[in-house]
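Trainee: 3D model of this:
(one chain, ligands or ions: 1)
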Amino acid sequence: MSSTLTGDQTMVIDAVTPAAPASPRTTHGLEADSVSAWFGRRKVLDRVSLDMPAGQVTALIGPSGCGKSTFLRILNRMHELVPGASLAGEVRLDGVDIYDPERRLTDARKSIGMVFQKPNPFPAMSIEDNVMAGLKLTGTRISRTDREALVEESLRRAGLWEEVKDRLKQPGSALSGGQQQRLCIARSLAVRPDVLLMDEPCSALDPTSTRVVEDTIQEIARDVTIIIVTHNMQQARRVSDRCAFFLAAHGTPGVIVEHGETRAMFDDPIDSRTADYVNGRFG
Ligand SMILES: Nc1ncnc2c1ncn2[C@@H]1O[C@H](COP(=O)(O)OP(=O)(O)OP(=O)(O)O)[C@@H](O)[C@H]1O
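Mentor: Purely as a prediction, here's the structure:
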C-alpha cells in the first residue's frame, strides 16, 4: 500500500479509488467447505459445503434455529468473536482460505461486509459520516474531494442518493427505517467489499421499503456477491439466483438438505422436506 500527499495536504492511502465509476467489476465468490460449528460443546452445524458464486445472490433459507445466521457469521469471521464458539472446515474467497493464519482478520472484514436485521446507523452521526464510518474503521484516510465522490457513489449504489443528496449533514436517525437500512448498505459498499452478507435485512421494514431494498440488492448484485438470510419465501424467490435450504432435525446440528438454482428449488425440489418448507407446510 502506498501513500501520497495531495494539494490540500491530506494523507491519501490508495486502498480505494472512489472517483472510479460504479461499473460492474470482477468480483469474487465464496466457497464453504465442510464447515461445522459449535457453541461450547453443542454442535450447531455439521459439515456444510456451499458454493456462493461471484456476482450472484444466494439465499439461505430454513426454519428458526437451523444455523443460518451462524453460518453467515462464519463467512466473515464473526463467529469466532462469540465466547466459547468454535468451528471447523474452510471458507475460501477467490480460492483463498479466509481463516488462513497468514491472513489478517481485518482483510476478511474489508472484503466481506455485513448488513444486519435491524438498521443500525450511528444515530447522531450525519448521513455522510455514516457512509464513511466503515472505511474509517479500516484506518483508511482519503481527501475531501475523494470523500465526496465516494459518499455519492455509495449512496447511489444503495439507491438512496436522490432522497438524501440535499441533506447529507442531517443525522442518520432523521431517515425512515427503509432509508436507514439503505444507508447501512451504502456504509458497507463504501469499503468496496467483494461480498455482502445480509441477515434478514428487511424483517424490520414495511412492505414498500422491503421492495425498495430488494431492488437495491438486485442492483448491487451486478458487482458484489450477496448472501442473504431470509424467512420470507417470496423474497427468496424474488431476489435470489440460488438457494440453500438448512434444516436441523430435533437436537441435531444444522445441515444443508438441498441447494441449487432458486427456480428449481421452488418449482421442482428434489427433497420432499424442501417442497414442504418452501410451500409453507412447516417452519
Ligand atoms: N451465542 C450463542 N450461544 C449459544 N448458542 C447459540 C448462540 N447463537 C446461536 N445459538 C444456537 O445455535 C443454533 C443455531 O442458531 P442460529 O441463530 O444460527 O439459527 P438461525 O437458523 O439463524 O435461526 P433464526 O432463523 O431464528 O435466526 C440455535 O440452536 C441457537 O440457539
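Trainee: going forward, measure contacts and count neighbours with C-alpha atoms only.
Mentor: OK.
Trainee: check which helix or strand covers the residue nearest the centre of the chain.
Mentor: Centroid-nearest residue in the chain: residue 197, 1.8 Å away (criterion: Cα atoms, centre = their mean). Using DSSP states H and E, residue 197 sits in strand 195-199.
Trainee: and that strand, how far from the chain's centre?
Mentor: Mean-position distance between strand 195-199 and its chain equals 1 Å (Cα atoms, centre = their mean, to the nearest Å).
Trainee: which positions within the next helix or strand after that strand qualify as buried?
Mentor: Downstream of strand 195-199, the next assigned helix or strand under DSSP H and E is helix 207-220. Residues of helix 207-220 classed as buried by neighbour count (16 or more other Cα atoms under 10 Å): 209, 210, 211, 212, 213, 214, 215, 216, 217, 218, 220.
Trainee: ditto for stretch 62-73
Mentor: Buried-residue list, stretch 62-73, by 16+ other Cα under 10 Å: 62, 63, 66, 67, 68, 69, 70, 71, 72, 73.
Trainee: wait, the third one sits on residue 251?
Mentor: What that stands for is residue 66. No - with contacts counted by Cα atoms under 8 Å, residue 66 stays clear of residue 251, the gap being 10.1 Å.
Trainee: re earlier: near the ligand, which of the buried residues of stretch 62-73 show up?
Mentor: 63, 66, 67, 68, 69, 70 (Cα under 6 Å from any ligand atom).
Trainee: what number of residues lie near the residue in the stretch 101-250 of the chain that the ligand sits nearest to?
Mentor: Going by Cα to the nearest ligand atom, the ligand is nearest to residue 231 of the stretch 101-250 of the chain, at 6.9 Å. With neighbours defined by other Cα atoms under 10 Å, the count for residue 231 comes to 20.
Trainee: check residue 230 too.
Mentor: Counted with other Cα under 10 Å, residue 230 comes out at 23.
Trainee: OK, contacts around the residue lying closest to it once chain neighbours are set aside?
Mentor: Residue nearest to residue 230 in three dimensions, not counting chain neighbours: residue 200, with 4.9 Å by Cα to Cα, 6 or more residues apart in numbering. Applying Cα atoms under 8 Å, 6 or more residues apart in numbering to residue 200 gives the contacts 116, 117, 228, 229, 230, 231.
Trainee: just to revisit the earlier point, right, and the residue nearest to the centre of the chain touches residue 230 too?
Mentor: No - using Cα under 8 Å, residue 197 is not in contact with residue 230, being 11.4 Å away.
Trainee: please enumerate residues in contact with stretch 209-228?
Mentor: 23-29, 52-60, 72, 157-159, 177-179, 181-182, 193-202, 235, 239.
Trainee: give me that answer again for 6 Å
Mentor: Applying Cα atoms under 6 Å, 6 or more residues apart in numbering, the external contacts of stretch 209-228 come out as 24-25, 54-59, 158-159, 178, 194-199, 202.
Trainee: and the end-to-end length of it?
Mentor: Terminal residues of stretch 209-228 lie 17 Å apart, using Cα to Cα, to the nearest Å.
Trainee: next SSE downstream of the host helix or strand of residue 153?
Mentor: Residue 153 is part of helix 144-157, with elements assigned from DSSP H and E. Where DSSP H and E defines the elements, the next helix or strand beyond helix 144-157 is helix 161-164.
Trainee: hmm, who's touching that next one?
Mentor: So helix 161-164 is in contact with residue 155, going by Cα under 6 Å, 6+ apart.
Trainee: next helix or strand past that helix?
Mentor: Remark: after helix 161-164, the chain's next helix or strand is helix 177-189, criterion DSSP H and E.
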